[in-house]
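**Q** Would you be able to build a 3D model of this:
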Amino acid sequence: MYLREIIKLNKKIQNHTQYPFNIPTIKTLDTLSLKKNVTFFVGENGSGKSTLLEAIAYQCEFNTAGGSRNNTYEVDSSEARLGDYIRLSWMPKMNKGFFLRAESFYHFASHIDELAEDDPGIYSYYGGKSLHEQSHGESFLSLFKNRFGQSGIYILDEPEAALSPARQLAFLSIIHELQKHAQLIIATHSPILMGYPNADIFNFDEVPIEQIKYEDTNHYQISRRFLENRKVYLRELMD
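**A** A predicted model of the protein is given here:
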């Protein structure tokens with residue numbers, strides 16, 4: 001592990017009623033301790049999990065539009081507004097890694113194509129060809145398999161966005177290999193991914209943020225109930 005604790009600098013915040021400081025989970029956050037090589041942030045959209053991930057990426061000096069410290073390009077929606085208001089506690093400090101932001105992955109792929117105009121060899125880190133020449137799911141797996149090989153911290157915002165259930169299972173194997181020499185912090189809605197054994201799961205649907213068991217997450221319970229009682233659920237939804 002590298003990142004041990006996330007500390008919000010409450011005294012630095014001048015207006016706690018402004019976004020993102022008024023998000024309930026962010027408003028009540030003081031410190032969040034990380035104790036596992038794999039940590040999941042779970043919760044509904046708007047619960048603050050992506051906001052905190054972006055702030056961590058910002059403090060790691062990764063491009064908050066997606067990428068590492070060496071990827072310089074801009075996306076309008078990638079501002080990490082919480083970034084200057086947290087402090088990260090390291091042991092030891094790590095500045096290698098990657099921030100995957102699923103919603104701006106297209107822009108990242110275009111950025112790699114621009115770099116490849118001067119250095120075609122860069123594609124060797126992404127499966128040997130442009131990410132745009134691969135399906136969405138293939139491009140994600142190419143990134144995971146080829147770019148995520150070294151020690152570092154990997155911050156992933158909804159990596160399941162392009163992955164079928166079968167490919168999510170394949171990604172579990174990648175997580176398992178990576179965590180042997182890296183730390184992963186993953187925001188996800190996928191009950192498959194968050195089923196990775198011995199990971200810590202932080203629930204952003206509770207205020208303040210608290211740890212939760214896999215079987216107690218809404219994602220697991222709703223998916224299980226639907227699969228076991230599909231006809232009943234569909235009848236209630238559609239009648």
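
**Q** which non-adjacent residue is nearest Thr28?
**A** Sequence neighbours aside, Pro208 is the residue nearest to Thr28 in space, at 4.1 Å (criterion: Cβ to Cβ, 6 or more residues apart in numbering). (Each C-beta comes from the backbone N, C-alpha and C, glycine too.)

**Q** where's the one you found relative to Lys49, distance?
**A** Counting by Cβ to Cβ, to the nearest Å, the gap between Pro208 and Lys49 amounts to 13 Å.

**Q** quick one, which of these two is more surrounded?
**A** Neighbours per residue, other Cβ atoms under 10 Å: of Pro208 and Lys49, the larger number sits with Lys49, 29 against 13.

**Q** quick one: the more buried one and Leu32 touch, right?
**A** No: contact between Lys49 and Leu32 fails when scored by Cβ atoms under 8 Å: they sit 11.3 Å apart.

**Q** sorry, back to before: find residues that contact each of Pro208 and Lys49.
**A** Overlap between the neighbourhoods of Pro208 and Lys49 consists of Thr25, taking contacts as Cβ atoms under 8 Å, 6 or more residues apart in numbering.

**Q** SS state for the residue nearest to Thr28?
**A** Reduced to three states with DSSP: H, G, I helix; E, B strand; the rest coil, the structure at Pro208 is coil.

**Q** got the residue ranges for the strands in this structure?
**A** In order along the chain, the chain carries the following strands (DSSP state E): 3-8, 31-33, 38-42, 86-90, 97-101, 152-157, 182-187, 200-203, 210-211.

**Q** and those, which one's lowest on average pLDDT?
**A** Among the strands of the chain, strand 97-101 has the lowest mean pLDDT, at a mean of 91.

**Q** mind checking pLDDT for Ala57?
**A** What the model reports as pLDDT for Ala57 is 94.

**Q** No further questions, thank you.
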